[in-house]
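> when you get a sec, could you give me coordinates for this:
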Amino acid sequence: MSGNVYMHPADMVMNSKAPYVYIHGKGNKVRTVPVMLKTLEHYKSYIKRFQVDARFINKYTDAARQKHPEIPKHITPHMFRHSRAVSLYRNGMPLPLISEWLGHSDLETTRIYAYADVEMKRRAINKAMKNSHPLYTINYDAEESDDEKLRRYYGLM
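Modelled structure (predicted):
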């Protein structure tokens with residue numbers, strides 16, 4: 001796949017309740033990726049205003065990079081797919097359902113999305129602890145690593 005991402009308007013299926021887009025990925029596999037309703041609203045607004053052939057992803061990632069230089073120079077469809085899957089996982093969607101949604105034939109393929117970041121771990125710990133526990137209100141040092149933060153949170157430092 002080249003560095004440019006191209007999405008034709010016909011690749012977007014604009015169901016009112018369950019919009020999705022067809023993305024051509026590795027090995028020329030066609031994947032179906034669900035789209036949030038808010039994203040669909042933005043997409044429709046863009047198409048209505050500009051009536052373009054939708055070669056717009058690079059333009060907008062370049063613009064976004066002006067404010068957020070950490071955005072990679074080359075954006076691929078897989079990045080959108082990965083980002084959406086991680087977002088769903090972080091918001092509580094079970095991994096087997098994400099696997100099915102992504103069209104993976106093996107759950108092990110989906111495990112790359114199943115890493116817990118520090119925020120997920122903090123929320124789980126907070127949910128399990130009582131508000132009166134002394135560790136509940138620990139403030140983190142921004143320079144600490146994830147492991148250091150967790151050790152401090154568990155009172156191991």
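
> go through stretch 87-101 and flag the buried ones.
Going by neighbour count (16 or more other CB atoms under 10 Å), the buried part of stretch 87-101 is 88, 89, 98, 99, 101. (Each C-beta comes from the backbone N, C-alpha and C, glycine too.)

> could you pull up the mean pLDDT of it?
For stretch 87-101, mean pLDDT is 88.

> and what of stretch 127-143?
For stretch 127-143, the mean confidence score works out to 62.

> and which of the buried residues of stretch 87-101 is nearest to residue 115?
The closest of those to residue 115 turns out to be residue 89 (CB to CB; 8.6 Å).

> with adjacent residues omitted, what lies nearest to that closest one?
residue 113 (5.3 Å; CB to CB, 6 or more residues apart in numbering).

> list the buried residues in stretch 112-127.
Within stretch 112-127, the residues scored as buried using 16+ other CB under 10 Å are 113, 122.

> only alpha carbons, please: show it as CSV.
In CSV, the C-alpha atoms belonging to stretch 112-127 read as follows (Å, rounded to 0.1, in the frame of the first residue of the first chain):
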residue,chain,number,x,y,z
ILE,A,112,-2.7,-6.8,19.8
TYR,A,113,-5.5,-4.4,20.7
ALA,A,114,-5.9,-5.8,24.2
TYR,A,115,-3.3,-3.9,26.2
ALA,A,116,-4.3,-2.0,29.2
ASP,A,117,-2.9,1.5,29.5
VAL,A,118,-2.3,3.2,32.8
GLU,A,119,-5.6,5.0,32.7
MET,A,120,-7.5,1.7,32.3
LYS,A,121,-5.6,0.2,35.2
ARG,A,122,-6.2,3.2,37.3
ARG,A,123,-10.0,3.1,36.6
ALA,A,124,-10.1,-0.6,37.4
ILE,A,125,-8.2,-0.1,40.7
ASN,A,126,-10.4,2.9,41.7
LYS,A,127,-13.5,0.9,40.9
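
> now it, how far from the chain's geometric center?
15 Å (CA atoms, centre = their mean, to the nearest Å).

> the spatially most central residue of the chain and residue 151, how far apart?
Centroid-nearest residue in the chain, with CA atoms, centre = their mean: residue 83, separated by 2.1 Å. Separation of residue 83 from residue 151 (CB to CB, to the nearest Å): 29 Å.
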